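Engineer: starting from these lines, generate the structure:
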Amino acid sequence: MRRCSVRRFEGRTVLVTGATSGIGLATARRLAMEGATVICSSRNRERLDSVVSELHGEGHMSLAFDAAREEEVIAAGNALKSADRTLHGAVMCAGQHFLRPVQISKASHLEQLFTANVLSALLCTKMTIRLAAKEGASIVWLSSAAALIGNTGESAYAASKGALLSACRSMATELAPKRIRVNAVAPGVVETPMSEQWLNQMQPEQREMVRARHILGFGSPDDVAAAIAFLASYESRWITGTCLTIDGGLTCH
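Structural biologist: This next block holds a predicted model:
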C-alpha cells in the first residue's frame, strides 16, 4: 500500500474482524495509515500479534476470538470494555467461501457458511453497539457481488451474502436513533488467498472466463479497503443502509 496522506481517523478506534489476511488485513493497514487505532481480530493470536506489530502508528490491539461463537464475542466485548476501549467503527471481514453445487451440499455445509458469514457479522455488530461512542459509529459489512448475480456452485455462499444485504437495511433503520450507521460493500473477485483457493478448483479456461467478466480485471484488497475506509469515515455521514459494489464492472453485464 502506498503511504496515505489522509488522516480521517485521528482519535478514532475501529474494530476489524478477519484482520489477518485479504481484505481484512488491507483494511486494518489502511485505517491505521489514516490515523485510526485498530482493534484487530481473528482466531489466530500469533498471526494477529504479527499484524498489529506492523501497523502504522501506536495503540493498536490484537483480540483473538471466533466471531461466530457468541460466548467468545461476549468475552471479547468484556475485554474491550475493561480496557476502556470505545468503538467509533467496525468492519466485519471475517467469513468463508467455497464452491459446492447444491446437489452435493449437506445441511452442515449451508450452516457453515451462514454461521461464518451472517452470524459472525450480527454478533459482532451487537458487540459494537454496546461499545459504540456516544456520538455514534459506522459499521461496514462484507457482502459480495455473488449476492447480486448468479454463479454456478455458489448458491449457499450467495444466499449468505445476500442475507447481509437485507439485514443491513433493517439494522441501519434500527440503529439510526443511536447515530450508528450500517452499510455493506459487495466486492467482485479480489486476489486474496481465499479467492485463490476456489479459483484453483476451476479449469484454466473457466478461470479466464471469470476474469473476463470483470471488465477492469480482478481487484486487489487495497481497492476494497479504500471504499471501506470511506464508508467508515465521517465523510459518509449521510449514508446508511446501502451497499457499495466494488467489482471491476462484473455486475455491468
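
Engineer: rest of the way, CA atoms for contacts and neighbours
Structural biologist: Will do.

Engineer: residue contacts, the residue nearest the centre of the chain?
Structural biologist: What sits nearest the mean C-alpha location of the chain, by C-alpha atoms, centre = their mean, is residue 93, with 2.4 Å. Shown in contact with residue 93 (C-alpha atoms under 8 Å, 6 or more residues apart in numbering): 16, 17, 18, 19, 23, 24, 141, 142.

Engineer: what about 6 Å?
Structural biologist: By C-alpha atoms under 6 Å, 6 or more residues apart in numbering, the contact list for residue 93 reads 17, 18, 24, 142.

Engineer: just the buried residues out of the residues you listed, in PyMOL syntax.
Structural biologist: Selection of buried members from these for PyMOL, criterion 16 or more other C-alpha atoms under 10 Å:
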select buried, resi 17+18+24+142
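
Engineer: filter the contacts of residue 93 down to just the ones in strands.
Structural biologist: 17, 142 (DSSP state E).

Engineer: can you add pLDDT and distance to residue 34 and give the contacts of residue 93 back as JSON lines?
Structural biologist: Output for the contacts of residue 93, formatted as JSON lines (pLDDT from 0 to 100; distance: C-alpha to C-alpha, whole Å):
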{"residue": "17", "pLDDT": "98", "distance to residue 34": "18"}
{"residue": "18", "pLDDT": "96", "distance to residue 34": "19"}
{"residue": "24", "pLDDT": "97", "distance to residue 34": "15"}
{"residue": "142", "pLDDT": "98", "distance to residue 34": "20"}
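
Engineer: what about the helices in the stretch 151-253 of the chain?
Structural biologist: Using DSSP state H, counting those that start in this stretch, the helices of the stretch 151-253 of the chain run over 155-175, 193-199, 204-213, 221-232.
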